[in-house]
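[1] Take a look and give me a structure for this.
(one chain, ligands or ions: 1)
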Amino acid sequence: MNLDAVVSGVLNSAVGKKALAAAGLLPATALRRGETLPFGPVAIAAVGGSSAACDALSTIGVATQPALVDAPGTRSTDHNGRERPPAYPTAIGAIVVDACAATTIDQLEQVRAVLRPAVRGLEPSGRVIIVAGDPANAPSVEAAAVRQALDGIMRSVGKELRAGATCNLVQPAGSTTAGQLGQVLHFLLSGRSAYLDGQPLVLAEVTTQPAPPGRIVVVTGAARGIGAAIARRFAADGDRVVVVDVPTAGEALAGVANELHGTALQLDITAPDAGQRIAEHVASRYGSDARIGALVHCAGILRDKMLANLDEVRWAAVLQVNLAAQLRINDVLLAPATRGGIADGGRIVGVASTSGWAGNKGQTNYAASKAGVMGLVRALAPRLADRGIVVNAVAPGFIETDMTALIPVIDREIFRRSSSLLQGGSPTDVAEAVVFLADPRTPINGQVVRVCGQLIVGR
Ligand SMILES: NC(=O)c1ccc[n+]([C@@H]2O[C@H](COP(=O)([O-])OP(=O)(O)OC[C@H]3O[C@@H](n4cnc5c(N)ncnc54)[C@H](O)[C@@H]3O)[C@@H](O)[C@H]2O)c1
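    Down below sits the predicted model:
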């Protein structure tokens with residue numbers, strides 16, 4: 001029996017579960033995944049009179065009911081004489097709190113008052129979603145403070161919820177339409193966002209449109225792990241996938257391409273002509289006028305060492321694969337004259353990491369490369385606005401793949417339990433977020449979205 005099986009056996013035994021519960025580490029709940037929306041009703045509360053969330057939910061056909069409010073006159077008393085907030089008759093699937101119009105500190109009490117009954121009455125994998133204005137564009141200092149306070153509420157509620165339930169925040173832009181907000185709320189309510197928790201989604205002033213059928217989507221690092229899951233998820237939507245990976249992974253890569261009726265390109269992305277090779281592949285396999293609808297930079301490597309032991313070889317390998325190659329490939333594929341390059345209105349998604357957000361011991365090179373990806377997408381997005389090209393990144397936390405299987409088993413179990421959802425994510429969880437950001441209907445640009453179950457690294 002290997003060490004993994006022993007650790008998992010101990011943790012899942014009656015004694016193990018009791019010990020975890022005593023330590024405040026409850027067993028993980030299987031997450032609701034896929035397109036499924038919450039089973040129970042969606043409660044809605046508008047603080048300050050905004051109708052933005054209600055209007056948005058009606059564009060996606062989600063029926064709502066008014067949220068219960070906890071206030072002195074609405075409470076009951078149990079047989080021990082303790083006051084109880086009003087209770088939902090059956091579990092609710094979600095609560096959406098529209099606080100876009102909240103401007104005063106007193107109004108935060110209304111947020112507490114609707115959240116208290118809701119968090120007690122939420123079904124497993126239920127959702128708490130707060131819709132709030134941008135603190136940087138608030139009409140007053142108090143309103144800015146209130147908007148920032150909502151972010152703090154969201155992060156704390158995420159840490160308190162149990163049984164796979166999550167709490168996220170959406171910040172619409174001034175021009176966000178009901179349809180655009182509906183697209184984002186649909187993603188957050190559905191099981192597609194299962195591993196997003198404690199995450200603000202900042203919306204941008206971008207033109208959105210329906211996804212054209214059969215887009216060409218290029219995914220690097222797609223022979224296995226997260227990259228293969230991303231390719232599978234795009235193919236499931238009817239996109240034509242080009243999967244890219246190193247020649248030594250050629251057999252696995254061909255397997256993914258065949259499974260998805262896509263095409264494989266064996267390529268080390270650090271090659272000086274990597275961008276050109278991708279463009280030539282697209283033009284030769286899909287027609288000389290073909291252009292890339294979405295490009296996902298997923299290839300990545302680790303060469304962990306404490307900085308005191310980190311030489312220039314390990315440094316360069318990680319910086320080249322995880323960051324410099326993306327920059328060079330973008331340069332070529334974004335040149336308007338490149339045949340087989342990125343189409344106007346196309347989407348680029350980088351894969352960063354929570355290590356790049358928070359830093360991590362033994363990962364100076366990796367964190368530098370992944371933080372670099374964040375800097376890259378933030379800087380590139382506004383530069384491509386005139387061509388309607390949108391650039392974002394995801395920052396996965398602990399995801400169960402071959403890469404993380406190399407981490408010592410005890411550390412792995414600690415990582416899993418360090419997220420608010422008490423478990424690692426699946427490659428599909430990252431794929432769902434990538435496909436959402438690459439969807440031409442999604443009004444998000446220049447952002448980094450964590451897919452980490454609110455991991456302690458990068459909270
Ligand atoms: N697994 C996690 O927990 C986690 C967390 C945060 C970020 N990430 C990032 O997600 C991405 C995928 O991670 P994974 O866990 O699936 O890793 P993985 O090791 O399973 O897959 C990475 C793939 O990239 C390919 N690759 C490496 N160097 C390449 C090169 N020079 N040219 C072309 N392809 C190359 C590899 O052959 C492999 O198929 C990476 O960028 C990683 O840094 C992973």
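
[2] the strands in the stretch 151-300 of the chain, which residues?
    166-171, 200-202, 216-220, 240-245, 263-266, 292-297 (DSSP state E, counting those that start in this stretch).

[3] Out of these, which gets nearest to Val448?
    Taking C-beta to C-beta, strand 200-202 is the member of the strands of the stretch 151-300 of the chain nearest to Val448, at 10.0 Å. Every C-beta, even on glycine, is put in place using the N, C-alpha and C of the backbone.

[4] in the stretch 1-150 of the chain, which spans are strands?
    Secondary structure of the stretch 1-150 of the chain, counting by DSSP E, counting those that start in this stretch: strands at 42-46, 64-66, 76-77, 83-84, 92-98, 122-131.

[5] Check the stretch 351-459 of the chain too.
    According to DSSP E, counting those that start in this stretch, the strands that the stretch 351-459 of the chain contains are 390-396, 448-451.

[6] Describe which strands the longest one pairs with in its sheet and in which direction.
    Sheet neighbours of strand 390-396, with direction, are listed as strand 342-351 (parallel), strand 448-451 (parallel) (DSSP bridges).

[7] Please identify the most buried of these.
    Counting by mean count of other C-beta atoms under 10 Å, strand 448-451 has the highest mean neighbour count of those, with a mean of 25.

[8] Quick one: closest of the strands of the stretch 151-300 of the chain to the ligand.
    Distance to the ligand, taken as C-beta to the nearest ligand atom, is lowest for strand 240-245 among the strands of the stretch 151-300 of the chain, at 4.5 Å.

[9] just to revisit the earlier point, could I get the strands of the stretch 1-150 of the chain as a markdown table with mean pLDDT, mean neighbour count and distance to the ligand?
    Compiled in a markdown table, the strands of the stretch 1-150 of the chain are given as follows (pLDDT from 0 to 100; neighbours: other C-beta atoms under 10 Å; distance: least, C-beta to the nearest ligand atom, whole Å):
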| stretch | mean pLDDT | mean neighbour count | distance to the ligand |
| --- | --- | --- | --- |
| strand 42-46 | 98 | 23 | 31 |
| strand 64-66 | 96 | 13 | 35 |
| strand 76-77 | 94 | 10 | 46 |
| strand 83-84 | 93 | 12 | 41 |
| strand 92-98 | 98 | 26 | 27 |
| strand 122-131 | 98 | 24 | 21 |
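
[10] Looking at those, which is nearest to Ser190?
    It's strand 122-131; of the strands of the stretch 1-150 of the chain, that one is closest to Ser190 (C-beta to C-beta) at 9.1 Å.

[11] by contact count, what packs against the closest one?
    Counting contacts by 3 or more C-beta pairs under 8 Å, 6 or more residues apart in numbering; DSSP states H and E, strand 122-131 packs against helix 52-59, strand 92-98, helix 107-120, helix 141-160, strand 166-171, helix 178-189.

[12] Next, the angle helix 52-59 makes with it.
    Here the directions of strand 122-131 and helix 52-59 differ by 120 degrees (axes from the mean of the first three to the mean of the last three C-alpha atoms, to 10 degrees).

[13] what's the burial count for Glu280?
    Glu280 is flanked by 15 other residues according to other C-beta atoms under 10 Å.

[14] residues contacting the spatially closest residue to it that is not a sequence neighbour?
    For Glu280, the nearest residue in space outside its immediate sequence neighbours is Gly340; the separation is 6.3 Å by C-beta to C-beta, 6 or more residues apart in numbering. For Gly340, the set of contacting residues under the criterion of C-beta atoms under 8 Å, 6 or more residues apart in numbering consists of 278-284, 286, 288, 290-292, 333.

[15] Same question for Gly133.
    With contact taken as C-beta under 8 Å, 6+ apart, Gly133 is in contact with Ala99, Cys100, Ala101, Ala102, Ala143, Arg147, Gln171, Pro172.

[16] Quickly note the distance from the nearest residue to the first one once chain neighbours are set aside to the ligand.
    In other words, Ala99. For Ala99, the nearest residue in space outside its immediate sequence neighbours is Val47; the separation is 4.5 Å by C-beta to C-beta, 6+ apart. Relative to the ligand, Val47 is positioned 35 Å away (criterion: C-beta to the nearest ligand atom, to the nearest Å).

[17] Going by proximity to the ligand, name the top residue of the stretch 51-200 of the chain.
    For the stretch 51-200 of the chain, the residue positioned closest to the ligand under C-beta to the nearest ligand atom is Tyr195, at a distance of 11.1 Å.

[18] I'd guessed that residue sits against Val449; true?
    No. With the criterion set as C-beta atoms under 8 Å, Tyr195 and Val449 do not qualify as a contacting pair; they are 10.9 Å apart.

[19] Quick one: neighbours of Leu201, just the number.
    Residue crowding around Leu201 was assessed by other C-beta under 10 Å; the count is 24.

[20] Beta-bridge partners for the closest residue to it other than its chain neighbours, please?
    Distance criterion C-beta to C-beta, 6+ apart; nearest residue to Leu201, sequence neighbours excluded, is Val170 at 5.0 Å. Each beta-bridge partner of Val170 is listed here, defined by DSSP bridges: Val131, Leu201.

[21] Give me the neighbour count for Val170.
    As a burial measure, the neighbour count of Val170 was computed by other C-beta under 10 Å and equals 27.

[22] what's the spacing between it and Gly300?
    Val170 is 28 Å from Gly300, where distance means C-beta to C-beta, to the nearest Å.
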